[in-house]
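Colleague: Sequence and predicted structure, then a few things I'm wondering about:
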Amino acid sequence: MVRDLRIAKALWTGTAVLAFCAALAGVLSRDIYIGLFPEDFLPGAFPQDILTMVVSVILFILATTTRNSDVKRQVVAIGLLGSLFYLYGIFTIERVYNSFYLIYAAVFALSFWSIVMSLAGFTGQTFDHLGVPDKIRKISSLSSLLIAAVFIFLWIMALIPLMREHNRIEYLYSIYILDLCFVMPAFVIVALMSLRRMPLGILMTPAMMILGFFVIFPLGLNELAKPSAGISMSLGPLIVSFAFSFFMLAIGLLQLWKIRLEYPRHDSDPGHG
């Protein structure tokens with residue numbers, strides 16, 4: 001799927017290493033976020049950083065082991081890159097000006113261009129015989145459209161009072177930007193491509209679901225961590241976050257598992273990109 005895998009893997013590696021370092025700094029120095037995020041989000045910083053380190057390690061392993069023919073691994077890598085793009089997009093846009101801000105910005109940029117580079121050489125003709133059961137394809141596509149519709153509706157409803165009152169909020173405005181300008185349009189585009197049986201849409205649906213899992217799952221972790229900081233845990237958001245995130249992960253992994261790939265192999269291909 002990735003035409004120039006060597007360059008893409010170099011970008012994946014750089015992104016993984018920088019993200020791991022940024023998250024490790026948060027684990028070792030728990031106070032670097034104080035005053036830069038709302039207090040009720042600070043308890044979740046530690047589990048979020050641990051999760052980011054796990055994502056970075058997986059991405060690094062994929063960068064060092066993925067072959068040209070490992071299309072499904074490439075799909076997983078793109079999903080992980082998307083989750084890092086989202087997380088460090090928040091850090092960059094929210095002006096988390098601590099000692100590691102430039103690393104946050106570097107991960108934000110690298111993850112974005114890693115995805116662009118990974119998809120730039122995609123040719124649908126290579127996957128003329130790509131297949132996935134229609135029922136799974138339709139469920140995942142409609143789920144993607146539903147996810148986009150729900151969040152677009154919620155964020156617009158949240159923005160209308162701010163727009164009416166000319167109110168510029170201090171925190172978490174980045175989520176509106178990332179979701180409405182990047183992530184939700186991507187969900188819609190990928191879903192429509194998948195419904196039309198376009199190979200890129202079918203392949204990118206699991207990547208979008210993996211991205212969604214790593215975006216929503218930490219919200220549940222934040223609720224679990226609140227009592228440790230003397231903040232009451234909200235059971236509703238906890239249940240919704242975990243249920244929603246695991247639903248997306250299940251849909252994404254199921255489609256990834258059921259995808260069947262038949263494409264020409266080149267005898268001159270040594271295996272590694």
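Modeller: Cool, the structure landed.
Colleague: Tell me how far Val54 lies from Ala23.
Modeller: Per CB to CB, to the nearest Å, Val54 is found 9 Å from Ala23. Using the backbone N, CA and C atoms, a C-beta is placed for each residue, glycine as well.
Colleague: between these two, which one's more packed in?
Modeller: Taking other CB atoms under 10 Å, Val54 and Ala23 do not tie; Ala23 has more neighbours (27 against 14).
Colleague: Report the distance from the strand or helix carrying the more buried one to the chain centre.
Modeller: Counting by DSSP states H and E, the secondary-structure element that holds Ala23 is helix 5-28. Mean C-alpha position of helix 5-28 versus that of the full chain (CA atoms, centre = their mean, to the nearest Å) differs by 14 Å.
Colleague: got it, and stretch 50-58?
Modeller: 12 Å.
Colleague: re the thing from before, flag every buried residue along the helix holding Ala23.
Modeller: Buried residues in helix 5-28, defined by neighbour count with 16 or more other CB atoms under 10 Å: 5, 7-9, 11-20, 22-24, 26.
Colleague: the inter-axis angle of the helix or strand that that helix is followed by versus helix 5-28?
Modeller: Counting by DSSP H and E, the element after helix 5-28 in chain order, helix or strand, is helix 45-65. With axes from the mean of the first three to the mean of the last three CA atoms, to 10 degrees defining the directions, helix 45-65 sits at 160 degrees from helix 5-28.
Colleague: Which neighbouring elements make contact with the helix or strand just after helix 45-65?
Modeller: Counting by DSSP H and E, the next helix or strand C-terminal to helix 45-65 is helix 71-93. When contacts are defined as 3 or more CB pairs under 8 Å, 6 or more residues apart in numbering; DSSP states H and E, helix 71-93 sits against helix 5-28, helix 45-65, helix 101-120, helix 173-178, helix 199-225, helix 235-258.
Colleague: what are the C-alpha coordinates of the fourth one, in PDB please?
Modeller: If I follow you right, that is helix 173-178. Extracted in PDB, the C-alpha atoms of helix 173-178 (Å, rounded to 0.1, in the frame of the first residue of the first chain):
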ATOM      1  CA  TYR A 173     -11.100  24.400  22.000                       C
ATOM      2  CA  SER A 174      -8.600  22.300  20.100                       C
ATOM      3  CA  ILE A 175     -11.000  19.400  20.100                       C
ATOM      4  CA  TYR A 176     -13.500  21.400  18.000                       C
ATOM      5  CA  ILE A 177     -10.800  22.300  15.500                       C
ATOM      6  CA  LEU A 178      -9.400  18.800  15.200                       C
END
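Colleague: Give the other helices and strands that it contacts.
Modeller: helix 71-93, helix 134-165.
Colleague: Report the buried residues of it.
Modeller: Buried, per 16+ other CB under 10 Å, within helix 173-178: Ser174, Ile175, Tyr176, Leu178.
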